[in-house]
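Student: coords please:
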Amino acid sequence: MDEIKGLMLARPSLTLAVAESLTSGRVQAMVGSVSGASTFFLGGITAYSLGEKVRHLGVDRAEAEAVNCVSSRVAEQMARGACRLFGSDLGVSTTGYAESYPDGGVETPFAWWGLARRMPGGEFAVSSGRVDCPGLSRTQVQERVAAEALSALRSLLRERSVARTT
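Tutor: Numbering: from 1, shown residues only. Here you go, the predicted model:
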């Protein structure tokens, strides 16, 4: 996490916001555990239900309903929504299944993380990744997905750092 802080504060410095569902605040807690996080972390939201994802993050209701709020597109919309809600440069999100959900056809827990970066002109560059979690308990799934989302953020920030020096 200290590396993320250093990369966030490299000139020009960036700000971060988080939108979580599956991880229930774990990403926010991990970011907030870093001394000096207030210099780059603007805040976060745990939007567990479809209605809250739509209301606060601007997730497309019809698209989210079709996938029970779990897809790469929903994760990307959540990350973008976090940026808009908090006015941040970067947004990280998580959504998924912490347990099997037989009625929904989900046998093995999995999740998506999303990243959004505000570009000049106000547009967003977005990306996402899937995390499969076979054999893990509910809390292990949540912890793994939070770690994977922050790893993706770290990679994005490293790319930015390399691009600035070349």
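Student: list the contacts for the residue nearest to L42 when sequence neighbours are not counted?
Tutor: Spatial nearest neighbour of L42, excluding adjacent residues (C-beta to C-beta, 6 or more residues apart in numbering): F86 at 4.2 Å. (Each C-beta comes from the backbone N, C-alpha and C, glycine too.) Shown in contact with F86 (C-beta atoms under 8 Å, 6 or more residues apart in numbering): T15, A17, L42, G43, G44.
Student: Tell me how far F86 lies from F110.
Tutor: Distance of F86 to F110, computed by C-beta to C-beta, to the nearest Å: 27 Å.
Student: same question, M8
Tutor: Distance from M8 to F110, by C-beta to C-beta: 28 Å.
Student: Which one's more surrounded, the two?
Tutor: Ranked by neighbour count (other C-beta atoms under 10 Å), M8 and F110 place M8 first, with 23 against 18.
Student: how about low-confidence regions in the protein?
Tutor: Of all residues in the chain, those with pLDDT under 70 make up the ranges 164-166.
Student: Which parts of this protein are helices?
Tutor: For the chain, the helices defined by DSSP state H cover 2-9, 26-32, 50-57, 61-66, 72-86, 138-165.
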